[in-house]
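Engineer: sequence plus predicted model, see below.
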Amino acid sequence: MRSTRAVIHLENLRHNIRSVQAWAAAHTPGPADARPKLCIAVKADAYGHGIVEVARTAADCGTEYLAVATVDEATRVRDADIDLPILLYSLPDTSEIPEVVSRGITPLVTDAGYVDALARESRAQGVRTACHIKVDTGMGRIGCQPHETLGLAQRIGSYPELHLAGVSTHYPLADDRDVSYTRDQTERFSSLIRDLRAQGIDPGLVHAANSGGVLRVPEGYFDMIRPGIMIYGYYPARELERPISLKPVMEFRSKLVFTKKVPAGTPVSYGHTWKSTRETWIGTVPCGYADGYVRMLSNAADVWIGGARYPVVGKVCMDQFMVDLGPGEPPARYSDVILFGPAPEGSATAPPDAAELAELCDTIPYEITCGLSSRVPRTYTG
Ligand SMILES: *Cc1c(COP(=O)(O)O)cnc(C)c1O
């Protein structure tokens, strides 16, 4: 196996699931034993961590639901014999509806056309399909308008082949410093649910809270919470308080495959954007932007070798990048290089994590872990 790989720490995944479950149980409004169900997002190959292994670990930890963005993702989970309910967060192509029905995937429906197509296909296959309504209360992405919810629920109710199993919405600002919009949105959604019940409709499972909501808006827990990024060890935004113990699950590592001593004034990599200012050792790491170590990290990020940090120098190339190892005795050739990951137990120093790299790239940790390409083998530990 190549030296550049992602090591997925399943012990940290289990730790994060337990931390989030304990936090939600402790903050749920209402009776002391009330606890929302847990739906873990495993879309985008489980945020880059590997959908099958993450789904299996989540199932072992008592997760009640999984969520994906595409029908192919759901199919991979089903093919691995994991039979938890799977919510389909995004809209499928019409050509994929037969598979949604035959694989028992639970779609979030947004409109009459989608409902009708699901009913037709379910009738053709002789099955009853559970669906959840998605209401747009402020995200502006997919979902029916709030005033259309009742009509959509009645339409689902008119089809014996369909079953309304839930009603959901999504928070665009739950990770904002100011939670007042999310509280207001939650109140509007609650009142919509009350209206449905007043019309004699059982909404099934009501859910809204992504990681930001889990952390900050307990009144938005309803019957189920839907975290993603916190399960993988990161907070959804940097400036938030950090009261939940989370550990990065993904470790991106490689090896020092080449070292050389160079004199002052030696330029490194494409464009010669960096030049040594003294005699120093330069190390080469066989990992590049084609692996997901993005070019924005050029002359910006640090890597961690044997407990010390070293700066990336020059432009990151497609398949390789260089680090300045300093003038002293360099780390041995083939030393492990940690690009980002959890702090090793008992170590006085820590490698960068995906949030640190995200900040250098003006993005969020989600994009860093999702960005590891399929060229990077995933290995599992813990
Ligand atoms: C991805 C997603 C989530 C999880 O979001 P995080 O910010 O990772 O917690 C929840 N709900 C929906 C609809 C999503 O698309």
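Structural biologist: Received the coordinates, thanks. None of these values were measured; they are calculated from a predicted model. Numbers count the residues shown, from 1 in each chain.

Engineer: what's the nearest residue to Ser168 if we skip its chain neighbours?
Structural biologist: Distances taken as CB to CB, 6 or more residues apart in numbering place His207 nearest to Ser168, at 4.8 Å, with adjacent residues excluded. All C-beta atoms are positioned from the backbone trio N, CA, C, and that covers glycine.

Engineer: Gln145: neighbour count?
Structural biologist: 12 (other CB atoms under 10 Å).

Engineer: so what's it up against?
Structural biologist: With contact set as CB atoms under 8 Å, 6 or more residues apart in numbering, Gln145 has these partners: Val135, Asp136.

Engineer: change the start of the numbering to 44 and stick with it
Structural biologist: Let's use 44 as the start, then, which means that last one is Gln188.

Engineer: now do it, the pLDDT please.
Structural biologist: Listed pLDDT for Gln188 reads 98.

Engineer: check the gap between it and the ligand for me.
Structural biologist: Look at Gln188 and the ligand: by CB to the nearest ligand atom, to the nearest Å, they are 17 Å apart.

Engineer: just Arg418 next, same as before
Structural biologist: With CB to the nearest ligand atom as the criterion, Arg418 and the ligand are 24 Å apart.

Engineer: now do the same contact list for that residue.
Structural biologist: Ala333, Asp334.

Engineer: likewise for Ile140?
Structural biologist: Per CB under 8 Å, 6+ apart, neighbours of Ile140: Ala160, Leu161, Glu164.

Engineer: re the thing from before, please report the distance of the residue nearest to Ser211 from Tyr264.
Structural biologist: From His250 across to Tyr264, the span is 8 Å (CB to CB, to the nearest Å).

Engineer: can you list residues touching both of those two?
Structural biologist: By CB under 8 Å, 6+ apart, the residues touching both His250 and Tyr264 are Pro79.

Engineer: name the member of the contacts of Ile140 with the most neighbours.
Structural biologist: Neighbour counts for the contacts of Ile140 were taken using other CB under 10 Å; the highest belongs to Leu161, with 22 neighbours.

Engineer: now the phi/psi pair for that residue, please.
Structural biologist: phi -70, psi -40 (degrees, to the nearest 10).

Engineer: name the nearest residue to it, ignoring sequence neighbours.
Structural biologist: Thr172 is the one closest to Leu161 (CB to CB, 6+ apart), at 5.6 Å.

Engineer: Ser312 too?
Structural biologist: In space, Ser312 is closest to Gly357, 3.0 Å off (CB to CB, 6+ apart).

Engineer: number of residues surrounding that neighbour?
Structural biologist: Gly357, neighbours per other CB under 10 Å, totals 21.

Engineer: show me what whichever strand or helix holds Leu239 is packed against.
Structural biologist: Assigned by DSSP states H and E, Leu239 falls within helix 223-241. If you count contacts as 3 or more CB pairs under 8 Å, 6 or more residues apart in numbering; DSSP states H and E, helix 223-241 packs onto helix 192-200, strand 205-211, strand 248-252, helix 254-259.

Engineer: do that again at 7 Å, thanks
Structural biologist: Packing partners of helix 223-241 (3 or more CB pairs under 7 Å, 6 or more residues apart in numbering; DSSP states H and E): helix 192-200, strand 248-252.

Engineer: model confidence over it, on average?
Structural biologist: 98.

Engineer: and it, how far out from the chain middle?
Structural biologist: Helix 223-241 sits 26 Å away from the centroid of its parent chain (CA atoms, centre = their mean, to the nearest Å).

Engineer: with stretch 281-288 instead?
Structural biologist: Remark: stretch 281-288 is offset 17 Å from the chain centroid, using CA atoms, centre = their mean.

Engineer: ends of that stretch, what's the gap?
Structural biologist: From its first residue to its last, stretch 281-288 covers 15 Å (CA to CA, to the nearest Å).

Engineer: what residues does the protein put near the ligand?
Structural biologist: Residues of the chain lying close to the ligand by CB under 6 Å from any ligand atom are Ala84, Lys86, Tyr132, His213, Asn253, Ser254, Arg269, Pro270, Gly271, Ile272, Pro279.

Engineer: now whichever residue of the stretch 244-393 of the chain sits closest to the ligand: phi and psi?
Structural biologist: Of the residues in the stretch 244-393 of the chain, the one nearest the ligand is Gly271, at a distance of 2.5 Å by CB to the nearest ligand atom. Backbone torsions of Gly271, given as degrees, to the nearest 10, read phi -130, psi -80.

Engineer: now do the contacts for the closest residue to it other than its chain neighbours.
Structural biologist: Spatial nearest neighbour of Gly271, chain neighbours left out: Ala84 (3.4 Å); criterion: CB to CB, 6+ apart. For Ala84, the contact set (CB atoms under 7 Å, 6 or more residues apart in numbering) comprises Ala110, Arg269, Gly271.

Engineer: my guess is Leu216 contacts Ser223. True?
Structural biologist: No: counting by CB atoms under 7 Å, Leu216 does not reach Ser223; the two are 9.1 Å apart.

Engineer: what's around Leu134, how many residues?
Structural biologist: Leu134 has 17 nearby residues by other CB under 10 Å.

Engineer: pLDDT score for the nearest residue to it once chain neighbours are set aside?
Structural biologist: Residue nearest to Leu134 in three dimensions, not counting chain neighbours: Ile185, with 6.1 Å by CB to CB, 6+ apart. We have a pLDDT of 98 for Ile185.

Engineer: give me the residues contacting stretch 88-108.
Structural biologist: 51, 53, 56-57, 60, 80-83, 85, 109, 116, 119-120, 123, 125, 127-128, 130, 267, 271-272, 275, 292-293, 409, 412-415, 421, 423.

Engineer: of these, which belong to strands?
Structural biologist: Ile51, Lys80, Leu81, Cys82, Ile83, Leu109, Leu130, Met267, Met293, Arg421, Tyr423 (DSSP state E).

Engineer: from those, which would you call buried?
Structural biologist: Neighbour-count burial (16 or more other CB atoms under 10 Å) is assigned, among those, to Ile51, Lys80, Leu81, Cys82, Ile83, Leu109, Leu130, Met267, Met293, Arg421.
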